Every structure is written in structure tokens, then in C-alpha cells.
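Student: Fold the following, please.
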Amino acid sequence: MPIPTGALACFLDERDDEASMLVGGFYLPRSNLRDLDRTVSQVKERYGIPKHAPVKWNLRDQACVDTRTALAGKVDDFRTDFFRELRDLDIRLLMSLVWKGDPSYRVEAWKWSFENILQRLCIILDHKKKSELRRQHDYPFLDVVFDWLPTRSKVDDYFRVYSEAYNHGYQFIRNRLPALRACDACPCLLVSSVKHSPALQAADLLLGAVGDFFTWVFKGHRETSVRRHFVSLYDLFHRSDSGSVLGMGLIVKSSTRRRIQRKLRELGLDP
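Tutor: Alright, predicted model coming up:
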């Protein structure tokens with residue numbers, strides 16, 4: 001699937017456990033944001049969920065009490081319908097899994113995983129810059145919106161991760177990724193709450209499906225969820241020009257790639 005034309009908006013969330021940090025979500029044409037909000041509202045209405053009630057993968061959250069009541073016995077049906085509706089919005093998934101090594105490395109793992117996402121966004125915008133004529137009314141050409149931040153005490157450290165990508169880009173041994181500012185991205189990271197943002201609720205649900213895939217890969221649990229939800233979303237991942245998902249839309253440690261490739265092929269998917 002080609003990169004959507006026009007300005008983009010990217011919505012991200014995190015899934016944190018003792019051993020790993022998963023950061024990710026999706027990007028889509030900013031022109032489709034109204035349709036995204038409308039889609040989330042319509043699926044909620046279909047299942048009797050109040051418009052004000054947030055939807056999340058984990059319904060144990062206190063904020064989801066009304067949603068949990070409405071979805072009693074219908075959670076998987078809701079997820080299936082929700083993901084099916086998202087397919088019409090030209091979204092692309094970006095997900096990055098980082099291993100902590102120690103639970104105390106939560107902040108560092110968040111930064112590493114978020115940087116992986118930002119690097120791919122630099123690549124995407126650089127590609128668009130070379131292939132697409134942008135007009136002034138498209139500024140900013142990218143907005144990145146995150147669902148809150150892990151801890152308030154280090155909030156400036158979290159904003160600095162985006163600032164570095166915006167001002168300096170990334171330098172590697174063999175190549176350099178342009179700064180986001182050179183690609184007309186928004187100069188600051190935007191932060192909101194999944195409780196009030198339909199787009200971040202979509203990111204939370206997508207992250208949950210991908211998180212279950214990793215749980216299955218490394219712990220052997222959640223296979224039913226993976227076959228029902230992750231498989232249906234797989235063709236929405238951002239891909240390289242050669243069509244590869246791994247390393248682009250699904251970013252993992254190189255030492256785990258073979259294991260993940262085997263599990264993807266077990267599902268009948270091309271990594």
C-alpha cells in the first residue's frame with residue numbers, strides 16, 4: 001500500500017509490561033480525520049456505547065465502566081467491527097517493541113521505542129517530499145499526537161525525544177534521516193488523553209491487537225485473539241518499498257526477527 005497523499009496525522013499509545021515496551025498506533029491523511037471521528041462514533045452507537053464513553057482494548061479501566069456494561073459478551077464482535085470500519089480510512093500501522101532488560105528502564109524503553117517510530121516518520125516524510133508537491137496550506141505536514149506520557153516528573157525528557165527528531169533528524173553510520181522540521185512537520189509533540197480522543201481510542205485498540213500478537217509469539221498465549229484480530233489488520237502495516245513489514249511498520253530487535261517471521265508464516269502472513 002502506498003503512502004497516503006497530503007498532510008498526515010499520527011496517533012500513538014503505549015503498552016507497558018514488566019519485560020517490554022510497545023509504542024505505536026497509526027497514521028492517516030489529515031483530510032480523513034473527520035471520517036475517523038464519525039466512524040468511531042457510529043461503531044459505538046451500533047453497540048449501545050454512550051458517545052462520551054471511551055473505548056479501549058483493556059476495559060478494566062475505570063473510565064470504561066459504561067463501555068464494559070454495553071459490551072458484555074460482545075467485546076470481540078465490537079473489535080472485529082471496529083477494525084473493519086477503520087480499513088476504509090487509509091490508515092497505516094507503526095508499532096515498535098523494545099525489551100527493557102529491567103523493569104526500572106521504563107522511561108528509557110519508552111524513549112527508544114518512540115525514537116523508532118519517529119525515525120520511520122522521517123523516512124516517510126522524506127519519501128513524500130521527493131515524490132509529492134506540497135502546498136503551503138498543507139502545513140504542518142505531520143502532526144504527532146500521543147496519549148499522555150508515562151510519568152509527569154520527566155515530562156520535558158519525553159518532549160525532548162520529539163524535539164531532537166524535529167530539529168536534528170538521525171545520523172547513522174551509512175545514512176542520515178532528515179530532521180522533521182525540514183519536512184514541514186509540526187514543531188512540537190501533541191499530547192491528549194485516550195478518554196477524550198476518538199483517534200487515540202483507535203490507537204489503543206490497534207495497539208492491544210498487536211500486543212496480543214507479541215504475547216503469543218513470546219509466551220504462547222492469546223492465539224485466538226491473534227487469529228481473529230491481528231491477522232485482519234496485518235495488511236494495514238506500513239511497508240518498505242520492497243513490501244516488507246518487519247523493520248518498517250513492525251519494528252523489533254534484530255535478534256527476534258526470525259522467531260517473529262516464523263510466527264507470521266504460521267499465520268499465513270508474509271513478513
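Student: Tell me where the stretch 151-271 of the chain is predicted with low confidence.
Tutor: Applying pLDDT under 70 to the stretch 151-271 of the chain picks out no residues at all.
Student: hang on, Thr151 packs against Trp110?
Tutor: No: the criterion here is CB atoms under 8 Å, and Thr151 misses it with Trp110 at 9.3 Å. Any C-beta I mention is one placed from the backbone N, CA and C, and that applies to glycine too.
Student: Pick out whichever of these two has more residues nearby.
Tutor: Each of Thr151 and Trp110 has its neighbours counted (other CB atoms under 10 Å); Trp110 has more, 24 against 12.
Student: chain center to the strand or helix carrying the more buried one, what's the gap?
Tutor: Assigned by DSSP states H and E, Trp110 belongs to helix 106-131. Centroid separation for helix 106-131 versus its chain: 11 Å, with CA atoms, centre = their mean, to the nearest Å.
Student: Which elements pack onto it?
Tutor: The contact analysis (3 or more CB pairs under 8 Å, 6 or more residues apart in numbering; DSSP states H and E) places helix 106-131 against strand 8-16, strand 20-29, strand 92-99, strand 142-147, helix 155-167, strand 170-171, strand 176-177, strand 250-251.
Student: closest to Asp235 out of those?
Tutor: Nearest of the helices and strands packed on helix 106-131 to Asp235, taken as CB to CB: strand 92-99 at 9.6 Å.
Student: Give me the contacts around the closest one.
Tutor: Contacts with strand 92-99, where a contact means CB atoms under 8 Å, 6 or more residues apart in numbering, come from 1, 3-4, 10, 12, 19-28, 109, 112-114, 116-117, 120-121, 206-207, 210, 214, 233, 236-238, 249-253.
Student: mind saving the C-alpha coords of it as PDB?
Tutor: Extracted C-alpha coordinates of strand 92-99, given in PDB (Å, rounded to 0.1, in the frame of the first residue of the first chain):
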ATOM      1  CA  ARG A  92      -1.100   2.700   8.200                       C
ATOM      2  CA  LEU A  93       0.100   1.000  11.300                       C
ATOM      3  CA  LEU A  94       3.500   1.700  13.000                       C
ATOM      4  CA  MET A  95       4.500  -0.400  16.000                       C
ATOM      5  CA  SER A  96       7.800  -0.600  17.900                       C
ATOM      6  CA  LEU A  97       8.600  -3.200  20.600                       C
ATOM      7  CA  VAL A  98      11.600  -2.700  22.900                       C
ATOM      8  CA  TRP A  99      12.900  -5.000  25.600                       C
END
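Student: between it and helix 106-131, how many degrees?
Tutor: 150 degrees (axes from the mean of the first three to the mean of the last three CA atoms, to 10 degrees).
Student: what distance separates strand 92-99 from the middle of the whole chain?
Tutor: Relative to the centre of its chain, strand 92-99 is centred 7 Å away, using CA atoms, centre = their mean.
Student: what residues are up against Ile123?
Tutor: So Ile123 contacts Leu177 (CB under 8 Å, 6+ apart).
Student: And it, how far from Arg258?
Tutor: 24 Å (CB to CB, to the nearest Å).
Student: ditto for Gly73
Tutor: Counting by CB to CB, the gap from Gly73 to Arg258 is 39 Å.
Student: Compare these two (neighbour count), which wins?
Tutor: Each of Gly73 and Arg258 had its neighbours counted (other CB under 10 Å), and the higher figure belongs to Arg258 (10 against 6).
Student: Need phi/psi at the more buried one.
Tutor: Main-chain dihedrals, Arg258, degrees, to the nearest 10: phi -60, psi -40.
Student: Show me which positions of the strand or helix carrying Arg262 end up buried.
Tutor: Using DSSP H and E, Arg262 maps to helix 257-266. Buried residues in helix 257-266, counted by 16 or more other CB atoms under 10 Å: 260, 263-264.
Student: before we move on, back to that, run the angle between the helix holding Trp110 and helix 155-167 for me.
Tutor: For helix 106-131 against helix 155-167, the angle by the same axes, to 10 degrees is 20 degrees.
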